[in-house]
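Enquirer: fold the following.
(one chain, ligands or ions: 2)
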Amino acid sequence: MTPGVIDNSLEGDVAKACINHKDAPAATMCHQCHVPVCRSCTTLTPHGSFCSSECSIQHREFGEKLRSGEAKAAGGGLALKLFLGLLVLVGALATIHVAARRGIRPAARIDLIGFLLQKVGGLAPGPTR
Ligand SMILES: [Zn+2]
Ligand SMILES: [Zn+2]
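Expert: Ligands and ions are numbered 1, 2, ... in the order given. As a prediction, this is how the structure comes out:
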């Protein structure tokens, strides 16, 4: 016995009847709404076959939306990389500052945070006048 072969062909005939002509076998499936359509109902376009011109337009608009969405996602990825780079930089500066406060001289020389804190302290003499 070969299970599935006969059943599959039967199911295929039932499932793949044209939505407009129930006794006509479907030649293809609409790329947009996935309904089976016979050869005379098929609208052929460079993007694929559809049940109607409306579906082909919808499919094209959906594709354009998808492409713009991908472009946005790529931009977001770049922003995330920049943010992570900044985070690493701030982390490195903080490490240098901590080392400088512990009296490590090479760190004190490149301690940007300590330098900035000194500058801010010098510029702001306090509330007393
Ligand atoms: Zn369709
Ligand atoms: Zn048809």
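Enquirer: near ligand 1, which residues of this protein?
Expert: Counting by C-beta under 5 Å from the ion, the positions of the chain adjacent to ligand 1 are 30, 32-33, 51, 55. In short, each C-beta sits where N, CA and C put it, glycine included.
Enquirer: taking those, tell me the two that lie furthest apart.
Expert: Gln32 and Cys51 (7.7 Å; C-beta to C-beta).
Enquirer: related to what we said a few turns ago, among the residues of the chain next to ligand 1, name the ones in helices.
Expert: The helices, defined by DSSP state H, take in Cys55 from the residues of the chain next to ligand 1.
Enquirer: can you select the buried ones from the residues of the chain next to ligand 1 in ChimeraX?
Expert: Isolation of the buried members of the residues of the chain next to ligand 1 (16 or more other C-beta atoms under 10 Å) is achieved in ChimeraX through the command below:
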select :30,32,51,55
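Enquirer: would you turn the residues of the chain next to ligand 1 into a markdown table with pLDDT?
Expert: Compiled in a markdown table, the residues of the chain next to ligand 1 are given as follows (pLDDT from 0 to 100):
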| residue | pLDDT |
| --- | --- |
| Cys30 | 95 |
| Gln32 | 94 |
| Cys33 | 95 |
| Cys51 | 95 |
| Cys55 | 95 |
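Enquirer: and stretch 48-60, anywhere near ligand 2?
Expert: No. Stretch 48-60 does not reach ligand 2 (C-beta under 5 Å from the ion); its nearest approach is 8.6 Å.
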